[in-house]
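# with the sequence up front, the predicted model follows.
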Amino acid sequence: MNIAVAGIHTGIGKTVCSAVICQALGFDYWKPVQAGELDNTDSQLVQRLVSNTTCQIHAERFRLKKAASPHDAAAHENISISRDDFQIPSTQNNLLIETAGGLMSPLNTNFLNINLLEHLNLPVVLVSNNYLGSINHTLLSCEAMKHRNLNVLGLVLVGNSVRSSEEFILQHTHLPHLFSIPLFKKLDRATIKEFATPEKIKIPFYD
């Protein structure tokens, strides 16, 4: 089984969520596009955080130097990203694929992250976060995925709990609340191992 982890916005906790799932359930990890911070990539962060030896990290398809929207970072290096550039890595393990930025972040002028999810045809775990505006961003993201008939497995809520916001989001999206991830005081391998137990981290139809 392969799944995708997508987010309602950039910088909301997709990579930590990915590390938690990989630790708990032993998925491999692949981030197709890395834009910026090539000496401290999301793949490297997952590798540092995950101690489950079943998890293997697959190399990015694109490693772009500029910390920017992928379409801009690619253009800066005269690179053109297309749908046909993306093929799921070969592995005998379950694979988790993390998108770069929010659902509507562009990989080129006519190809967004949400189009990549359509192309890969994977069920999606949507990561939300509690900040002013997250209700709007979450509901818009869910509507966009529903419009494209994507299979959304459920929501992961990251950050300090805001019950009123969370209840509103769950009521209006009708999506399962898979699990929540707090703001860890210390983000390291030991913390992720302690938190990410198979009993706590549930993914539908994973058994």
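Received, thanks.
# tell me the centre residue of this protein?
residue 5 (2.9 Å; CA atoms, centre = their mean).
# which one's the longest helix in this structure?
Identified as the longest helix of the chain according to DSSP state H is helix 134-147.
# show residues contacting that one.
6, 8-9, 102-104, 114, 117, 124, 126, 128, 152, 155, 165, 168-169, 172-173, 175 (CB atoms under 8 Å, 6 or more residues apart in numbering). No exception for glycine: its C-beta is placed from N, CA and C like everyone else's.
# returning to what we had before: just checking, the residue nearest to the centre of the chain touches residue 100?
No - between residue 5 and residue 100 there is no contact under CB atoms under 8 Å: 11.1 Å.
# before we move on, the earlier item: and the longest helix of the chain, what's its mean pLDDT?
Mean per-residue pLDDT for helix 134-147: 96.
# quick one: buried residues of that helix?
For helix 134-147, a neighbour-count test (16 or more other CB atoms under 10 Å) marks 134-135, 137-139, 141-142, 145 as buried.
# got it, and stretch 189-204?
Per 16+ other CB under 10 Å, stretch 189-204 contains these buried residues: 192, 195-196, 201, 203.
# C-alpha coordinates for stretch 28-37, CSV please?
Taking C-alpha atoms only, stretch 28-37 is exported to CSV below (Å, rounded to 0.1, in the frame of the first residue of the first chain):
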residue,chain,number,x,y,z
ASP,A,28,9.4,3.9,3.2
TYR,A,29,9.6,7.6,2.5
TRP,A,30,9.8,9.6,-0.7
LYS,A,31,9.6,13.4,-1.3
PRO,A,32,9.6,13.8,-5.0
VAL,A,33,10.5,17.6,-5.0
GLN,A,34,12.8,19.4,-2.6
ALA,A,35,13.1,23.1,-3.1
GLY,A,36,15.8,24.8,-1.0
GLU,A,37,17.8,23.7,2.1
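# run the chain-centre distance for it.
10 Å (CA atoms, centre = their mean, to the nearest Å).
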